[in-house]
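Visitor: The following comprises the amino acid sequence and a computationally predicted model.
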Amino acid sequence: MIAACQTGIARAAIIAFDAEELTASLVERLRTADVAVVALTDDDDARERLRALGVRHLASSAPSVVLADEVAAAVADLESQRTGSLIGSFADTSRALAPQAPSRSEEVEPDGNGIVFAAWGPTGAPGRTTVAVNVAAELAATGSRVLLIDADTYGASVAAFLGLLDESAGIAQACRLADQGVLNAAALERICTKVALDGHALFVLTGVTRADRWAEVRPSALGLVLALARSMFNFIVIDCAFGLEADEELSFDTLAPRRNGATLRCLELADEVYAIGSADSVGVPRLVRALTELDEVVPTLTPRVVFNKVRAASVGRSPERQLREAWERFGPSVPISTFLPADFEAADDALLKGSTLREAAAASPLRQAIASLVDAPIEQRRRGSTRPTSNEMKFSSNGVRLPQ
Ligand SMILES: Nc1ncnc2c1ncn2[C@@H]1O[C@H](COP(=O)(O)OP(=O)(O)O)[C@@H](O)[C@H]1O
Ligand SMILES: [Mg+2]
């Protein structure tokens, strides 16, 4: 059926077996080939799963006129999704699956509208995990419900940062259930590792520690996990990998999973992206190049530029001024948003203890600087405002666009 759909001869596929093999990835593959999907089933569990996957379904005894209407509606859905989304998705095979967050209204707590942050940056360990873990910790310590996701498919390290002896790869489990359409709030909570922080719990989806398991973090499933997480948590913080390049031009099978798909999907779906660079002569040009690539693959995004490990020894006296001047001369037109000081004592201490900066080095300059990153989102939540639309975000976050 997939082969037939990919030849372009079909507009819709009717799946009449028990739909067990219908996963989020398969639905996305079919939709990418412009094929709408309708399933026939009489099984309650299957119906529930299909609803979670956003697939229209009918009883197998449905009269053919009703089926015809349903097929027409599914095709219309697909068309409106196509025209409704401004950009294609670059993560997997086409745009995001546009998940319906199925469980949101039924079984999930009210908070809704969780804000998604992504910590991203070029290769070379600029501090993505340091920022993600500690931003999540600062948010959780205020009593917000926070989910920290390790989506680094090259070098998962959140568990190590938090001193977790965790090999469970929570993200792979969540993605597997989401792909099958059976992920709900209770299951996601169960998969999360809970870390106690100042009397509050930080929920963590640990990463795939064996790099060869990257294919388990499928972009379409990750999109569903995020949609559900938004309905369960106030904040979701994602530790991303660095790579952006889409390798489809090199690969004959354009629908094969792509290693950078998870990162791309996170960046597409995040409300706020921290683009983190090392403040030295290797890190600055890397960040400049990475931002140019980012603008090519997710042009709607305006990241917050964060320079980490800022120190006079690598940049010269008045490092912040020097960096700003160099950035104005050579950098992309996104302004620098934040400087985080080099603070090896605090960073090492936290790593050694397997704990967050607020626990291991509360008074350290690095912790103070990271804590100030989250003042605005916490204030926003206190005022009770809901998640900004991507458009509002774009213009509120220092919204200067990169040159085309
Ligand atoms: N501001 C900082 N000062 C000193 N060391 C830092 C700082 N930020 C990060 N580090 C250290 O740099 C290393 C790489 O950081 P990490 O967050 O793992 O980078 P990434 O996730 O980008 O690969 C870690 O050992 C971390 O403790
Ligand atoms: Mg990392």
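Guide: Yep, it's here. Numbering: from 1, shown residues only. Ligands and ions are numbered 1, 2, ... in the order given.
Visitor: Are the helix or strand containing residue 159 and ligand 2 in contact anywhere?
Guide: If you go by DSSP states H and E, residue 159 is part of helix 158-161. No - for helix 158-161, no contact with ligand 2 is found by CB under 5 Å from the ion; the gap never falls below 7.7 Å. To be clear about C-beta, it is placed using only N, CA and C from the backbone, and glycine gets the same treatment.
Visitor: hmm, that helix touching ligand 1?
Guide: No - Helix 158-161 does not reach ligand 1 (CB under 6 Å from any ligand atom); its nearest approach is 7.2 Å.
Visitor: Now do that helix: everything it contacts.
Guide: Here helix 158-161 makes contact (CB atoms under 8 Å, 6 or more residues apart in numbering) with 129-130, 132-133, 148, 150, 152, 164-166, 193, 204, 206-207, 209, 239, 350-351, 354, 356.
Visitor: Helix or strand next in line after it, which one?
Guide: Next element after helix 158-161 (DSSP H and E): helix 170-180.
Visitor: Model confidence for the residue of the chain found nearest ligand 2, exactly?
Guide: Residue of the chain nearest ligand 2, by CB to the ion: residue 129 (3.3 Å). Per-residue confidence at residue 129 stands at 98 (pLDDT).
Visitor: what's the burial count for it?
Guide: 22 (other CB atoms under 10 Å).
Visitor: Residue 329 too?
Guide: Around residue 329 there are 7 other residues, counting by other CB under 10 Å.
Visitor: which secondary structure element contains it?
Guide: Using DSSP H and E, residue 329 falls within helix 319-330.
Visitor: Let me know whether that helix sits next to ligand 1.
Guide: No - judged by CB under 6 Å from any ligand atom, helix 319-330 stays clear of ligand 1, getting no closer than 12.2 Å.
Visitor: Could you give me the buried positions within the helix or strand just after that helix?
Guide: Elements were assigned by DSSP H and E; along the chain past helix 319-330, the next helix or strand is strand 336-341. Within strand 336-341, the residues that count as buried by 16 or more other CB atoms under 10 Å are 336, 338-341.
Visitor: Can I get the residues you listed in TSV including pLDDT and distance to residue 319?
Guide: Listed next are the buried residues of strand 336-341 as TSV, based on pLDDT from 0 to 100; distance: CB to CB, whole Å:
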residue	pLDDT	distance to residue 319
336	94	12
338	95	13
339	97	8
340	97	11
341	97	9
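Visitor: what's the burial count for the closest residue to residue 281 other than its chain neighbours?
Guide: Spatial nearest neighbour of residue 281, excluding adjacent residues (CB to CB, 6 or more residues apart in numbering): residue 314 at 7.3 Å. Counted with other CB under 10 Å, the neighbours of residue 314 add up to 18.
Visitor: I'd say residue 314 and residue 284 touch.
Guide: No - with contact defined as CB atoms under 8 Å, residue 314 does not count as touching residue 284 (9.7 Å).
Visitor: Just the buried residues of the helix holding residue 159, please?
Guide: By neighbour count with 16+ other CB under 10 Å, helix 158-161 contains the buried residues 158-161.
Visitor: Then stretch 350-358?
Guide: Result for stretch 350-358 [16+ other CB under 10 Å]: buried residues 350, 355-358.
Visitor: I'd like the distance from that stretch to the chain centre, please.
Guide: Here stretch 350-358 is found 24 Å from its chain centre; the criterion is CA atoms, centre = their mean, to the nearest Å.
Visitor: What of stretch 24-39?
Guide: With CA atoms, centre = their mean, you get 22 Å for stretch 24-39.
Visitor: re the thing from before, in three-state terms, label the residue of the chain closest to ligand 2 for me.
Guide: helix (DSSP: H, G, I helix; E, B strand; the rest coil).
Visitor: how about the nearest residue to residue 197 once chain neighbours are set aside, what does it touch?
Guide: Nearest non-adjacent residue to residue 197, counting by CB to CB, 6+ apart: residue 140, 5.2 Å away. Contact analysis of residue 140 by CB under 8 Å, 6+ apart lists 146, 197-198, 200-202.
Visitor: what do you get if the cut-off is 7 Å, keeping everything else the same?
Guide: Counting by CB atoms under 7 Å, 6 or more residues apart in numbering, residue 140 touches 146, 197, 200, 202.
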